[in-house]
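Colleague: pasting a predicted model and its sequence here:
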Amino acid sequence: MTATTVDAVQDVAPPAARTRPAPAPTPFRRVLRVELRKMFDTRSGFWLMASIVITSVIATGLTIILGDRDTLTFEAFAAAIGSPMSIILPIIGVLAVTSEWSQRTALTTFTLVPHRSRVLGAKLVNTLAIGAVSMVVALGVGALGNLLTATISGVDTQWDISLSAFLQIVLANELGMLLGFALGLLFRSSPAAIVGYFVMNLVLPGLSGALGAAQQWWADNSGWFDPNESRFLLFDGGLGGQEWAQLAVTSALWIALPLLIGMRMVLRSEVK
Amino acid sequence: MITVESLSKSYGSFTAVDDVSFTARPGRVTGFLGPNGAGKSTTMRVMVGLTGPGTGEVRVLGRRFADLPDPGREVGVLLDASAQHAGRTGREILTIAGLTMGLPRTRVDEMLERVSLTPDEASRRVRNYSLGMRQRLGIGTALLGNPEVLILDEPANGLDPAGIRWMRDLLRDFADQGGTVLLSSHLLHEIEVIADDLVVIGNGRIVAQGTKDELLAGAGTLVRATDGAALAAALVAGGITARPTSGGAVLAEADLTRVGQAAFAAGIAVTELRAADGAGLEEMFLALTAESQRETVNHASTTEGAAA
(Lines give C-alpha, C1' and ligand atoms only; values in the text may rest on other atoms or scores of the structure.)
Protein backbone atom coordinates (compact mmCIF):
# COMPACT_ATOMS: atom_id res chain seq x y z
CA MET A 1 0.00 0.00 0.00
CA THR A 2 1.18 3.47 -0.76
CA ALA A 3 0.58 5.49 2.34
CA THR A 4 0.77 9.16 1.48
CA THR A 5 1.06 10.42 5.00
CA VAL A 6 1.03 14.12 5.55
CA ASP A 7 2.54 14.60 8.97
CA ALA A 8 0.85 17.57 10.46
CA VAL A 9 -1.16 16.68 13.49
CA GLN A 10 1.48 14.77 15.40
CA ASP A 11 3.81 17.71 16.03
CA VAL A 12 1.15 19.66 17.91
CA ALA A 13 0.19 17.51 20.86
CA PRO A 14 -1.19 19.62 23.70
CA PRO A 15 -1.86 17.83 26.97
CA ALA A 16 -5.31 16.33 27.35
CA ALA A 17 -6.53 19.37 29.20
CA ARG A 18 -9.97 19.34 30.75
CA THR A 19 -11.83 22.54 30.27
CA ARG A 20 -14.46 21.53 32.83
CA PRO A 21 -14.38 19.51 36.03
CA ALA A 22 -15.47 15.90 35.67
CA PRO A 23 -19.11 15.25 36.64
CA ALA A 24 -20.06 13.05 39.58
CA PRO A 25 -20.23 9.32 38.82
CA THR A 26 -23.60 7.89 37.76
CA PRO A 27 -25.16 6.44 40.93
CA PHE A 28 -26.56 2.90 40.77
CA ARG A 29 -30.05 3.98 41.83
CA ARG A 30 -30.27 6.10 38.67
CA VAL A 31 -29.43 3.08 36.52
CA LEU A 32 -31.96 1.07 38.52
CA ARG A 33 -34.68 3.63 37.93
CA VAL A 34 -33.97 3.98 34.21
CA GLU A 35 -33.94 0.21 33.70
CA LEU A 36 -37.26 -0.11 35.53
CA ARG A 37 -38.79 2.59 33.36
CA LYS A 38 -37.54 0.84 30.23
CA MET A 39 -39.52 -2.28 31.19
CA PHE A 40 -42.81 -0.34 31.10
CA ASP A 41 -42.41 2.42 28.52
CA THR A 42 -43.24 0.50 25.34
CA ARG A 43 -46.62 -0.90 24.37
CA SER A 44 -45.35 -4.46 24.47
CA GLY A 45 -43.62 -3.92 27.81
CA PHE A 46 -46.67 -2.24 29.31
CA TRP A 47 -49.09 -4.95 28.21
CA LEU A 48 -46.76 -7.69 29.34
CA MET A 49 -46.84 -6.16 32.83
CA ALA A 50 -50.56 -5.51 32.59
CA SER A 51 -51.10 -9.14 31.60
CA ILE A 52 -50.01 -10.16 35.10
CA VAL A 53 -53.06 -8.45 36.54
CA ILE A 54 -55.32 -9.32 33.61
CA THR A 55 -54.55 -13.05 33.63
CA SER A 56 -54.89 -13.15 37.41
CA VAL A 57 -58.37 -11.67 37.14
CA ILE A 58 -59.36 -13.99 34.28
CA ALA A 59 -58.02 -17.07 36.07
CA THR A 60 -59.91 -16.08 39.23
CA GLY A 61 -63.09 -15.40 37.27
CA LEU A 62 -62.93 -18.74 35.50
CA THR A 63 -62.35 -20.53 38.79
CA ILE A 64 -65.45 -18.95 40.30
CA ILE A 65 -67.59 -19.62 37.22
CA LEU A 66 -66.42 -23.13 36.39
CA GLY A 67 -65.41 -24.47 39.80
CA ASP A 68 -67.61 -26.11 42.40
CA ARG A 69 -68.23 -23.02 44.49
CA ASP A 70 -69.13 -24.94 47.64
CA THR A 71 -65.73 -26.57 47.93
CA LEU A 72 -63.46 -23.86 46.44
CA THR A 73 -60.60 -22.91 48.71
CA PHE A 74 -57.87 -20.33 48.51
CA GLU A 75 -55.49 -22.96 47.22
CA ALA A 76 -57.67 -23.55 44.15
CA PHE A 77 -57.37 -19.87 43.27
CA ALA A 78 -53.64 -19.88 43.86
CA ALA A 79 -53.23 -22.86 41.55
CA ALA A 80 -55.37 -21.23 38.85
CA ILE A 81 -53.40 -17.98 38.97
CA GLY A 82 -50.09 -19.75 39.36
CA SER A 83 -50.01 -21.34 35.93
CA PRO A 84 -50.20 -18.16 33.82
CA MET A 85 -47.71 -16.54 36.24
CA SER A 86 -45.19 -19.32 35.71
CA ILE A 87 -45.29 -18.51 31.99
CA ILE A 88 -45.41 -14.70 32.04
CA LEU A 89 -42.79 -14.06 34.71
CA PRO A 90 -39.94 -15.97 33.03
CA ILE A 91 -40.76 -14.18 29.75
CA ILE A 92 -40.35 -10.88 31.61
CA GLY A 93 -36.96 -12.16 32.75
CA VAL A 94 -35.97 -13.02 29.19
CA LEU A 95 -37.15 -9.75 27.65
CA ALA A 96 -35.50 -7.62 30.32
CA VAL A 97 -32.22 -8.66 28.72
CA THR A 98 -32.96 -9.45 25.10
CA SER A 99 -34.88 -6.27 24.24
CA GLU A 100 -31.57 -4.40 24.39
CA TRP A 101 -30.31 -6.54 21.54
CA SER A 102 -33.44 -7.06 19.48
CA GLN A 103 -33.97 -3.29 19.34
CA ARG A 104 -30.22 -2.53 19.39
CA THR A 105 -30.69 -0.08 22.26
CA ALA A 106 -27.62 -1.68 23.86
CA LEU A 107 -25.57 0.78 21.78
CA THR A 108 -26.97 3.73 23.71
CA THR A 109 -27.34 1.93 27.03
CA PHE A 110 -23.73 0.82 27.17
CA THR A 111 -22.30 4.13 25.95
CA LEU A 112 -24.18 5.97 28.70
CA VAL A 113 -23.20 3.34 31.28
CA PRO A 114 -19.99 1.68 30.04
CA HIS A 115 -19.77 -0.65 33.02
CA ARG A 116 -22.16 -3.24 31.68
CA SER A 117 -22.29 -5.17 34.95
CA ARG A 118 -24.12 -2.19 36.51
CA VAL A 119 -26.77 -2.30 33.81
CA LEU A 120 -27.15 -6.07 34.13
CA GLY A 121 -27.26 -5.80 37.91
CA ALA A 122 -30.02 -3.18 37.71
CA LYS A 123 -31.99 -5.37 35.30
CA LEU A 124 -31.64 -8.36 37.60
CA VAL A 125 -32.77 -6.46 40.70
CA ASN A 126 -35.75 -5.02 38.81
CA THR A 127 -36.72 -8.41 37.39
CA LEU A 128 -36.72 -10.05 40.80
CA ALA A 129 -38.60 -7.12 42.35
CA ILE A 130 -41.26 -7.31 39.63
CA GLY A 131 -41.55 -11.04 40.30
CA ALA A 132 -42.15 -10.46 44.01
CA VAL A 133 -44.64 -7.63 43.46
CA SER A 134 -46.49 -9.66 40.83
CA MET A 135 -46.89 -12.55 43.24
CA VAL A 136 -48.32 -10.24 45.89
CA VAL A 137 -50.73 -8.80 43.32
CA ALA A 138 -51.74 -12.30 42.25
CA LEU A 139 -52.25 -13.30 45.86
CA GLY A 140 -54.48 -10.25 46.36
CA VAL A 141 -56.60 -11.04 43.31
CA GLY A 142 -56.92 -14.66 44.43
CA ALA A 143 -57.96 -13.55 47.91
CA LEU A 144 -60.67 -11.32 46.44
CA GLY A 145 -61.89 -14.28 44.39
CA ASN A 146 -61.99 -16.42 47.49
CA LEU A 147 -63.99 -13.80 49.38
CA LEU A 148 -66.36 -13.37 46.45
CA THR A 149 -66.97 -17.13 46.26
CA ALA A 150 -67.73 -17.24 49.97
CA THR A 151 -70.22 -14.39 49.55
CA ILE A 152 -71.93 -16.10 46.63
CA SER A 153 -72.11 -19.60 48.06
CA GLY A 154 -72.49 -18.63 51.71
CA VAL A 155 -69.76 -21.04 52.76
CA ASP A 156 -67.07 -19.91 55.20
CA THR A 157 -63.91 -18.70 53.45
CA GLN A 158 -61.04 -21.10 53.64
CA TRP A 159 -57.52 -19.65 53.89
CA ASP A 160 -55.54 -22.81 53.38
CA ILE A 161 -52.26 -21.35 52.16
CA SER A 162 -49.65 -20.72 54.81
CA LEU A 163 -47.07 -17.99 54.56
CA SER A 164 -44.31 -20.52 54.01
CA ALA A 165 -46.27 -22.16 51.19
CA PHE A 166 -46.72 -18.76 49.56
CA LEU A 167 -43.04 -17.95 49.93
CA GLN A 168 -42.14 -21.25 48.30
CA ILE A 169 -44.36 -20.41 45.33
CA VAL A 170 -42.66 -17.01 45.11
CA LEU A 171 -39.27 -18.74 45.20
CA ALA A 172 -40.31 -21.12 42.41
CA ASN A 173 -41.36 -18.21 40.22
CA GLU A 174 -38.25 -16.17 40.99
CA LEU A 175 -36.13 -19.16 39.99
CA GLY A 176 -38.09 -19.33 36.75
CA MET A 177 -37.39 -15.65 36.15
CA LEU A 178 -33.69 -16.15 36.86
CA LEU A 179 -33.63 -19.00 34.38
CA GLY A 180 -35.30 -16.75 31.78
CA PHE A 181 -32.81 -13.99 32.55
CA ALA A 182 -29.89 -16.40 32.19
CA LEU A 183 -31.20 -17.71 28.87
CA GLY A 184 -31.66 -14.11 27.71
CA LEU A 185 -27.99 -13.40 28.49
CA LEU A 186 -26.84 -16.58 26.78
CA PHE A 187 -28.83 -16.14 23.57
CA ARG A 188 -29.34 -12.34 23.43
CA SER A 189 -32.29 -13.08 21.18
CA SER A 190 -35.90 -13.06 22.40
CA PRO A 191 -37.24 -15.97 20.31
CA ALA A 192 -34.26 -18.21 20.99
CA ALA A 193 -34.32 -17.57 24.74
CA ILE A 194 -38.09 -18.04 25.04
CA VAL A 195 -38.01 -21.27 23.05
CA GLY A 196 -35.09 -22.37 25.21
CA TYR A 197 -37.15 -21.72 28.32
CA PHE A 198 -40.10 -23.77 27.12
CA VAL A 199 -37.88 -26.59 25.97
CA MET A 200 -36.46 -26.77 29.48
CA ASN A 201 -39.87 -26.58 31.12
CA LEU A 202 -42.08 -28.61 28.81
CA VAL A 203 -39.79 -30.97 26.92
CA LEU A 204 -37.14 -31.88 29.49
CA PRO A 205 -39.60 -33.32 32.09
CA GLY A 206 -40.95 -35.69 29.45
CA LEU A 207 -37.47 -36.74 28.42
CA SER A 208 -36.44 -37.23 32.02
CA GLY A 209 -39.55 -39.31 32.64
CA ALA A 210 -38.88 -41.49 29.61
CA LEU A 211 -35.27 -41.95 30.67
CA GLY A 212 -36.40 -42.85 34.17
CA ALA A 213 -38.78 -45.47 32.82
CA ALA A 214 -35.99 -47.11 30.87
CA GLN A 215 -33.21 -46.80 33.39
CA GLN A 216 -33.58 -47.40 37.09
CA TRP A 217 -30.51 -45.38 38.11
CA TRP A 218 -31.91 -42.24 36.51
CA ALA A 219 -35.33 -42.85 38.05
CA ASP A 220 -33.68 -42.94 41.49
CA ASN A 221 -31.30 -40.03 41.03
CA SER A 222 -32.85 -37.72 38.46
CA GLY A 223 -33.75 -35.23 41.20
CA TRP A 224 -30.10 -34.25 41.42
CA PHE A 225 -29.91 -33.37 37.73
CA ASP A 226 -33.38 -32.61 36.44
CA PRO A 227 -33.83 -28.82 36.52
CA ASN A 228 -37.58 -29.06 37.10
CA GLU A 229 -38.34 -31.88 39.53
CA SER A 230 -37.59 -30.14 42.81
CA ARG A 231 -38.61 -26.71 41.50
CA PHE A 232 -42.04 -27.99 40.55
CA LEU A 233 -42.36 -29.45 44.05
CA LEU A 234 -42.11 -25.91 45.43
CA PHE A 235 -45.57 -25.18 44.01
CA ASP A 236 -47.03 -27.96 46.16
CA GLY A 237 -44.91 -27.16 49.18
CA GLY A 238 -43.76 -30.75 49.62
CA LEU A 239 -40.01 -30.43 49.99
CA GLY A 240 -38.08 -32.51 52.49
CA GLY A 241 -34.41 -32.11 53.33
CA GLN A 242 -33.25 -34.09 50.33
CA GLU A 243 -35.50 -32.16 47.96
CA TRP A 244 -34.12 -28.84 49.21
CA ALA A 245 -30.60 -30.12 48.61
CA GLN A 246 -31.62 -31.24 45.14
CA LEU A 247 -33.15 -27.82 44.50
CA ALA A 248 -29.88 -26.16 45.47
CA VAL A 249 -27.82 -28.46 43.27
CA THR A 250 -30.04 -28.23 40.19
CA SER A 251 -30.41 -24.45 40.58
CA ALA A 252 -26.66 -24.05 40.72
CA LEU A 253 -26.26 -26.24 37.65
CA TRP A 254 -29.11 -24.96 35.50
CA ILE A 255 -29.58 -21.38 36.70
CA ALA A 256 -26.48 -20.00 38.44
CA LEU A 257 -24.01 -21.47 35.98
CA PRO A 258 -25.77 -20.23 32.80
CA LEU A 259 -26.27 -16.88 34.54
CA LEU A 260 -22.54 -16.52 35.19
CA ILE A 261 -21.54 -17.68 31.72
CA GLY A 262 -24.13 -15.38 30.13
CA MET A 263 -22.97 -12.40 32.21
CA ARG A 264 -19.40 -13.02 31.18
CA MET A 265 -20.38 -13.27 27.52
CA VAL A 266 -22.33 -10.03 27.64
CA LEU A 267 -19.53 -8.18 29.43
CA ARG A 268 -17.07 -9.17 26.73
CA SER A 269 -19.24 -9.20 23.66
CA GLU A 270 -19.03 -6.67 20.87
CA VAL A 271 -22.12 -4.47 20.72
CA LYS A 272 -23.12 -3.54 17.18
CA MET B 1 -9.87 15.97 22.93
CA ILE B 2 -9.57 12.42 21.66
CA THR B 3 -6.26 10.64 21.30
CA VAL B 4 -5.94 7.34 19.51
CA GLU B 5 -2.60 5.60 19.84
CA SER B 6 -1.48 2.64 17.75
CA LEU B 7 -4.95 1.14 17.77
CA SER B 8 -5.30 -2.24 16.11
CA LYS B 9 -8.23 -4.62 16.06
CA SER B 10 -8.36 -8.00 14.39
CA TYR B 11 -11.13 -10.52 13.85
CA GLY B 12 -9.38 -13.81 13.35
CA SER B 13 -7.01 -13.24 10.48
CA PHE B 14 -8.85 -10.12 9.28
CA THR B 15 -7.35 -6.86 10.47
CA ALA B 16 -10.15 -4.30 10.67
CA VAL B 17 -8.06 -1.53 12.22
CA ASP B 18 -4.32 -1.51 11.71
CA ASP B 19 -2.06 0.71 13.83
CA VAL B 20 -4.26 3.79 13.74
CA SER B 21 -3.05 6.91 15.57
CA PHE B 22 -4.55 10.36 15.45
CA THR B 23 -5.73 13.21 17.61
CA ALA B 24 -9.02 15.10 17.45
CA ARG B 25 -8.41 18.49 19.03
CA PRO B 26 -10.73 20.86 20.87
CA GLY B 27 -12.17 23.72 18.87
CA ARG B 28 -11.88 21.77 15.64
CA VAL B 29 -14.01 19.46 13.56
CA THR B 30 -12.06 16.36 12.65
CA GLY B 31 -13.37 14.46 9.65
CA PHE B 32 -12.83 10.72 9.61
CA LEU B 33 -13.00 9.81 5.97
CA GLY B 34 -12.89 6.48 4.23
CA PRO B 35 -14.76 4.14 1.94
CA ASN B 36 -17.29 1.69 3.37
CA GLY B 37 -15.61 -1.08 5.32
CA ALA B 38 -12.41 0.91 5.83
CA GLY B 39 -12.60 0.56 9.62
CA LYS B 40 -14.19 3.88 10.61
CA SER B 41 -17.09 2.39 12.56
CA THR B 42 -14.93 -0.23 14.23
CA THR B 43 -12.50 2.47 15.37
CA MET B 44 -15.40 4.52 16.76
CA ARG B 45 -16.92 1.52 18.54
CA VAL B 46 -13.56 0.79 20.18
CA MET B 47 -13.37 4.46 21.23
CA VAL B 48 -16.57 4.21 23.26
CA GLY B 49 -15.93 0.72 24.60
CA LEU B 50 -18.61 -1.13 22.64
CA THR B 51 -15.90 -3.22 21.02
CA GLY B 52 -12.93 -4.44 23.01
CA PRO B 53 -9.60 -3.01 21.83
CA GLY B 54 -7.04 -5.33 20.31
CA THR B 55 -3.87 -3.40 21.02
CA GLY B 56 -3.30 0.30 21.46
CA GLU B 57 -5.19 2.87 23.43
CA VAL B 58 -7.93 5.42 23.07
CA ARG B 59 -8.32 8.32 25.47
CA VAL B 60 -11.22 10.71 25.56
CA LEU B 61 -10.65 13.84 27.64
CA GLY B 62 -7.57 12.14 29.01
CA ARG B 63 -9.33 9.00 30.23
CA ARG B 64 -10.33 5.64 28.91
CA PHE B 65 -14.00 5.87 27.97
CA ALA B 66 -15.01 3.30 30.60
CA ASP B 67 -13.32 5.45 33.27
CA LEU B 68 -15.45 8.51 32.52
CA PRO B 69 -17.67 8.97 35.59
CA ASP B 70 -20.79 10.00 33.67
CA PRO B 71 -19.95 9.57 29.97
CA GLY B 72 -23.11 11.16 28.59
CA ARG B 73 -22.23 14.48 30.17
CA GLU B 74 -18.75 14.51 28.70
CA VAL B 75 -18.99 12.70 25.39
CA GLY B 76 -21.96 12.75 23.02
CA VAL B 77 -22.08 9.61 20.92
CA LEU B 78 -24.14 8.75 17.87
CA LEU B 79 -23.03 5.56 16.19
CA ASP B 80 -26.23 4.39 14.51
CA ALA B 81 -29.41 6.43 14.35
CA SER B 82 -31.40 3.27 13.61
CA ALA B 83 -30.39 1.67 16.89
CA GLN B 84 -33.33 3.09 18.82
CA HIS B 85 -36.30 1.21 20.24
CA ALA B 86 -38.99 1.37 17.55
CA GLY B 87 -41.73 1.23 20.17
CA ARG B 88 -40.60 4.29 22.14
CA THR B 89 -41.52 7.84 21.30
CA GLY B 90 -38.78 10.31 20.49
CA ARG B 91 -39.51 12.16 23.69
CA GLU B 92 -39.27 8.96 25.74
CA ILE B 93 -35.87 8.11 24.25
CA LEU B 94 -34.53 11.53 25.24
CA THR B 95 -36.18 11.22 28.65
CA ILE B 96 -34.47 7.90 29.35
CA ALA B 97 -31.10 9.30 28.32
CA GLY B 98 -31.72 12.40 30.46
CA LEU B 99 -32.66 10.30 33.48
CA THR B 100 -29.49 8.24 33.08
CA MET B 101 -27.44 11.44 33.15
CA GLY B 102 -29.50 12.93 35.97
CA LEU B 103 -30.66 15.93 33.92
CA PRO B 104 -33.77 17.99 34.65
CA ARG B 105 -36.89 17.20 32.57
CA THR B 106 -36.85 20.63 30.95
CA ARG B 107 -33.66 19.67 29.16
CA VAL B 108 -35.64 17.24 26.96
CA ASP B 109 -37.91 19.98 25.64
CA GLU B 110 -34.96 22.27 25.01
CA MET B 111 -33.25 19.56 23.04
CA LEU B 112 -36.34 18.67 20.99
CA GLU B 113 -36.48 22.29 19.96
CA ARG B 114 -32.76 22.40 19.22
CA VAL B 115 -32.99 19.44 16.84
CA SER B 116 -36.22 20.75 15.31
CA LEU B 117 -38.54 17.91 16.29
CA THR B 118 -42.04 19.30 16.86
CA PRO B 119 -44.03 18.21 19.95
CA ASP B 120 -46.25 16.21 17.61
CA GLU B 121 -43.29 14.40 16.05
CA ALA B 122 -41.72 13.86 19.47
CA SER B 123 -44.83 12.04 20.70
CA ARG B 124 -44.77 9.63 17.74
CA ARG B 125 -43.11 6.25 18.04
CA VAL B 126 -39.73 5.94 16.40
CA ARG B 127 -40.91 3.19 14.03
CA ASN B 128 -42.80 5.97 12.20
CA TYR B 129 -39.70 8.17 11.90
CA SER B 130 -37.81 8.79 8.68
CA LEU B 131 -34.07 8.21 8.78
CA GLY B 132 -33.59 11.98 8.85
CA MET B 133 -35.78 12.30 11.94
CA ARG B 134 -33.89 9.44 13.59
CA GLN B 135 -30.63 11.25 12.89
CA ARG B 136 -32.01 14.41 14.50
CA LEU B 137 -33.14 12.41 17.51
CA GLY B 138 -29.76 10.67 17.70
CA ILE B 139 -27.93 13.99 17.55
CA GLY B 140 -30.32 15.25 20.24
CA THR B 141 -29.38 12.29 22.45
CA ALA B 142 -25.70 12.98 21.86
CA LEU B 143 -26.03 16.69 22.72
CA LEU B 144 -28.39 16.15 25.65
CA GLY B 145 -25.76 16.06 28.39
CA ASN B 146 -24.02 19.19 27.07
CA PRO B 147 -20.82 17.24 26.37
CA GLU B 148 -17.36 18.53 25.45
CA VAL B 149 -16.73 15.91 22.81
CA LEU B 150 -18.93 14.59 20.01
CA ILE B 151 -18.34 11.26 18.27
CA LEU B 152 -20.68 10.87 15.31
CA ASP B 153 -20.70 8.03 12.79
CA GLU B 154 -22.16 9.11 9.44
CA PRO B 155 -24.50 11.69 11.00
CA ALA B 156 -25.46 13.22 7.65
CA ASN B 157 -27.03 9.96 6.40
CA GLY B 158 -30.68 10.43 5.57
CA LEU B 159 -30.72 14.18 6.17
CA ASP B 160 -32.13 16.37 3.43
CA PRO B 161 -30.02 19.28 2.12
CA ALA B 162 -31.54 21.67 4.65
CA GLY B 163 -30.84 19.12 7.39
CA ILE B 164 -27.24 18.73 6.29
CA ARG B 165 -26.85 22.50 6.35
CA TRP B 166 -28.39 22.59 9.83
CA MET B 167 -26.07 19.90 11.13
CA ARG B 168 -23.04 21.59 9.62
CA ASP B 169 -23.88 24.85 11.42
CA LEU B 170 -24.57 22.99 14.63
CA LEU B 171 -21.21 21.19 14.58
CA ARG B 172 -19.40 24.41 13.60
CA ASP B 173 -20.95 26.18 16.59
CA PHE B 174 -20.07 23.30 18.87
CA ALA B 175 -16.42 23.39 17.78
CA ASP B 176 -16.25 27.19 17.91
CA GLN B 177 -17.28 27.00 21.55
CA GLY B 178 -14.25 24.85 22.24
CA GLY B 179 -15.80 21.42 21.73
CA THR B 180 -14.11 18.51 20.00
CA VAL B 181 -15.98 16.97 17.07
CA LEU B 182 -15.06 13.72 15.38
CA LEU B 183 -17.37 12.74 12.58
CA SER B 184 -17.01 10.01 10.02
CA SER B 185 -18.30 10.01 6.51
CA HIS B 186 -17.82 8.37 3.18
CA LEU B 187 -19.29 11.49 1.57
CA LEU B 188 -16.38 13.60 0.49
CA HIS B 189 -18.33 16.75 -0.10
CA GLU B 190 -19.83 16.77 3.37
CA ILE B 191 -16.44 16.37 5.04
CA GLU B 192 -14.78 18.90 2.78
CA VAL B 193 -17.28 21.57 3.72
CA ILE B 194 -17.30 20.98 7.45
CA ALA B 195 -13.97 19.61 8.65
CA ASP B 196 -10.90 21.50 9.83
CA ASP B 197 -8.73 18.41 10.14
CA LEU B 198 -8.89 15.23 8.13
CA VAL B 199 -8.00 11.65 8.86
CA VAL B 200 -8.30 9.45 5.79
CA ILE B 201 -8.51 5.70 6.34
CA GLY B 202 -8.47 2.82 3.89
CA ASN B 203 -8.29 -0.90 4.61
CA GLY B 204 -7.91 -0.21 8.32
CA ARG B 205 -4.83 1.97 7.89
CA ILE B 206 -4.50 5.73 7.95
CA VAL B 207 -3.45 6.82 4.49
CA ALA B 208 -3.36 10.58 5.10
CA GLN B 209 -3.96 13.02 7.90
CA GLY B 210 -3.50 16.71 8.47
CA THR B 211 -5.43 19.94 8.31
CA LYS B 212 -7.81 20.28 5.41
CA ASP B 213 -5.82 23.24 4.06
CA GLU B 214 -2.59 21.29 4.04
CA LEU B 215 -4.11 18.29 2.36
CA LEU B 216 -5.78 20.48 -0.25
CA ALA B 217 -2.55 22.40 -0.86
CA GLY B 218 -0.99 19.06 -1.56
CA ALA B 219 -3.51 18.66 -4.34
CA GLY B 220 -1.88 21.57 -6.19
CA THR B 221 -2.93 24.46 -8.36
CA LEU B 222 -5.25 24.60 -11.31
CA VAL B 223 -4.18 27.03 -13.99
CA ARG B 224 -5.83 27.59 -17.36
CA ALA B 225 -4.74 29.22 -20.60
CA THR B 226 -5.90 29.11 -24.21
CA ASP B 227 -3.14 26.65 -25.06
CA GLY B 228 -2.88 24.23 -22.19
CA ALA B 229 -0.06 22.16 -23.67
CA ALA B 230 2.13 25.22 -24.12
CA LEU B 231 1.37 26.35 -20.58
CA ALA B 232 2.27 22.95 -19.18
CA ALA B 233 5.52 22.94 -21.13
CA ALA B 234 6.36 26.42 -19.83
CA LEU B 235 5.69 25.34 -16.23
CA VAL B 236 7.80 22.22 -16.60
CA ALA B 237 10.58 24.38 -18.05
CA GLY B 238 10.22 26.54 -14.95
CA GLY B 239 10.86 23.49 -12.76
CA ILE B 240 7.24 22.81 -11.77
CA THR B 241 5.67 19.40 -12.15
CA ALA B 242 2.60 19.99 -14.31
CA ARG B 243 0.28 18.02 -16.55
CA PRO B 244 -2.37 19.31 -18.91
CA THR B 245 -5.93 18.07 -18.34
CA SER B 246 -8.93 19.15 -20.41
CA GLY B 247 -9.96 22.54 -21.89
CA GLY B 248 -6.58 24.20 -21.58
CA ALA B 249 -6.40 23.47 -17.86
CA VAL B 250 -3.18 22.38 -16.23
CA LEU B 251 -2.74 20.78 -12.79
CA ALA B 252 0.52 22.02 -11.30
CA GLU B 253 2.20 20.85 -8.12
CA ALA B 254 3.19 24.24 -6.76
CA ASP B 255 1.50 27.12 -4.98
CA LEU B 256 -0.45 29.87 -6.74
CA THR B 257 2.38 32.43 -6.67
CA ARG B 258 5.00 30.21 -8.25
CA VAL B 259 2.65 28.98 -10.96
CA GLY B 260 1.48 32.51 -11.75
CA GLN B 261 5.03 33.82 -11.93
CA ALA B 262 6.16 30.97 -14.15
CA ALA B 263 3.29 31.60 -16.57
CA PHE B 264 4.02 35.34 -16.51
CA ALA B 265 7.71 34.72 -17.17
CA ALA B 266 6.78 32.58 -20.18
CA GLY B 267 4.53 35.33 -21.47
CA ILE B 268 1.40 33.18 -21.39
CA ALA B 269 -1.89 34.91 -20.52
CA VAL B 270 -3.60 32.93 -17.77
CA THR B 271 -7.41 32.78 -17.89
CA GLU B 272 -7.86 31.01 -14.57
CA LEU B 273 -5.61 30.46 -11.59
CA ARG B 274 -6.84 28.83 -8.38
CA ALA B 275 -6.18 26.13 -5.84
CA ALA B 276 -7.28 22.82 -7.31
CA ASP B 277 -9.53 22.13 -4.33
CA GLY B 278 -12.82 21.85 -6.19
CA ALA B 279 -11.86 18.45 -7.45
CA GLY B 280 -9.03 18.29 -4.97
CA LEU B 281 -10.23 16.31 -2.05
CA GLU B 282 -12.26 13.94 -4.16
CA GLU B 283 -9.27 13.16 -6.36
CA MET B 284 -7.08 12.81 -3.34
CA PHE B 285 -9.60 10.57 -1.61
CA LEU B 286 -10.03 8.34 -4.62
CA ALA B 287 -6.32 8.16 -5.25
CA LEU B 288 -5.45 7.47 -1.64
CA THR B 289 -8.07 4.83 -1.21
CA ALA B 290 -8.08 3.41 -4.74
CA GLU B 291 -6.33 0.27 -3.61
CA SER B 292 -8.72 -0.29 -0.77
CA GLN B 293 -11.89 0.58 -2.64
CA ARG B 294 -14.33 -2.28 -2.87
CA GLU B 295 -15.76 -0.99 -6.08
CA THR B 296 -13.84 0.22 -9.09
CA VAL B 297 -12.80 3.83 -8.89
CA ASN B 298 -15.06 4.71 -11.78
CA HIS B 299 -18.12 3.29 -10.12
CA ALA B 300 -17.27 4.84 -6.78
CA SER B 301 -16.73 8.17 -8.44
CA THR B 302 -20.25 8.26 -9.88
CA THR B 303 -21.93 7.13 -6.69
CA GLU B 304 -19.98 9.57 -4.54
CA GLY B 305 -20.81 12.34 -6.96
CA ALA B 306 -24.50 11.50 -6.88
CA ALA B 307 -24.55 11.23 -3.12
CA ALA B 308 -22.66 14.46 -2.59
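Modeller: Looks like it arrived, so ask away.

Colleague: state the pLDDT value of B:A234.
Modeller: Looking at B:A234, its pLDDT stands at 89.

Colleague: same question for B:H186.
Modeller: On pLDDT, B:H186 comes in at 86.

Colleague: can you list phi and psi of it for me?
Modeller: phi -110, psi 0 (degrees, to the nearest 10).

Colleague: any idea which helix or strand in the chain has the lowest mean pLDDT?
Modeller: No chain specified, so I'll use chain A. In chain A, no helix or strand scores lower on mean pLDDT, DSSP states H and E than helix A:229-236, which sits at a mean of 82.

Colleague: to clarify, I was referring to chain B.
Modeller: helix B:297-307 (a mean of 40).

Colleague: quick check: which ranges of the chain have low pLDDT?
Modeller: Went with chain A since none was named. Regions of chain A meeting the criterion pLDDT under 70 cover residues A:1-19.

Colleague: oops, wrong one, chain B.
Modeller: Checking chain B against pLDDT under 70 turns up B:217-219, B:277-284, B:287-308.

Colleague: what about the residue lying farthest from the centre of it, distance to chain A?
Modeller: Distance from the C-alpha centroid of chain B peaks at B:G267, with 42.1 Å (Cα atoms, centre = their mean). Distance check for B:G267 against chain A: by Cβ to the nearest Cβ, to the nearest Å, it reads 35 Å. Any C-beta I mention is one placed from the backbone N, CA and C, and that applies to glycine too.

Colleague: so that residue sits in a strand?
Modeller: No: applying DSSP: H, G, I helix; E, B strand; the rest coil, one finds B:G267 to be coil, outside a strand.

Colleague: so what does it look like in phi/psi?
Modeller: Note on B:G267: backbone dihedrals following degrees, to the nearest 10 are phi 70, psi 30.

Colleague: quick one on the thing from earlier: flag every buried residue along the least confident helix or strand of chain A.
Modeller: Residues A:E229, A:S230, A:R231, A:L233, A:L234, A:F235 are the ones in helix A:229-236 that count as buried (16 or more other Cβ atoms under 10 Å in any protein chain shown).

Colleague: one more: stretch A:204-217?
Modeller: Buried, per 16+ other Cβ under 10 Å, within stretch A:204-217: A:L204, A:P205, A:S208, A:G212.

Colleague: ok, now stretch B:209-220?
Modeller: Buried residues in stretch B:209-220, counting neighbours by 16+ other Cβ under 10 Å, are found at B:Q209, B:G210, B:T211, B:K212, B:E214, B:L215, B:L216, B:A217, B:A219, B:G220.

Colleague: likewise for stretch B:240-260?
Modeller: B:240, B:242, B:244, B:248-254, B:256, B:258-259.

Colleague: which secondary structure elements does the helix ranked longest in chain B contact?
Modeller: Longest helix in chain B, counting residues (DSSP state H): helix B:161-176. Counting contacts by 3 or more Cβ pairs under 8 Å, 6 or more residues apart in numbering or on different chains; DSSP states H and E, helix B:161-176 is packed against strand B:29-33, helix B:131-143, strand B:149-153, strand B:180-185, helix B:188-194.

Colleague: next, the angle from it to strand B:149-153.
Modeller: 150 degrees (axes from the mean of the first three to the mean of the last three Cα atoms, to 10 degrees).

Colleague: over to the residue nearest to B:D196 when sequence neighbours are not counted: give its phi and psi.
Modeller: Residue nearest to B:D196 in three dimensions, not counting chain neighbours: B:R28, with 4.2 Å by Cβ to Cβ, 6 or more residues apart in numbering or on different chains. Per-residue torsions, B:R28: phi -130, psi 150 (degrees, to the nearest 10).

Colleague: pick the most buried one from the helices and strands packed on helix B:161-176.
Modeller: strand B:29-33 (a mean of 27; mean count of other Cβ atoms under 10 Å in any protein chain shown).
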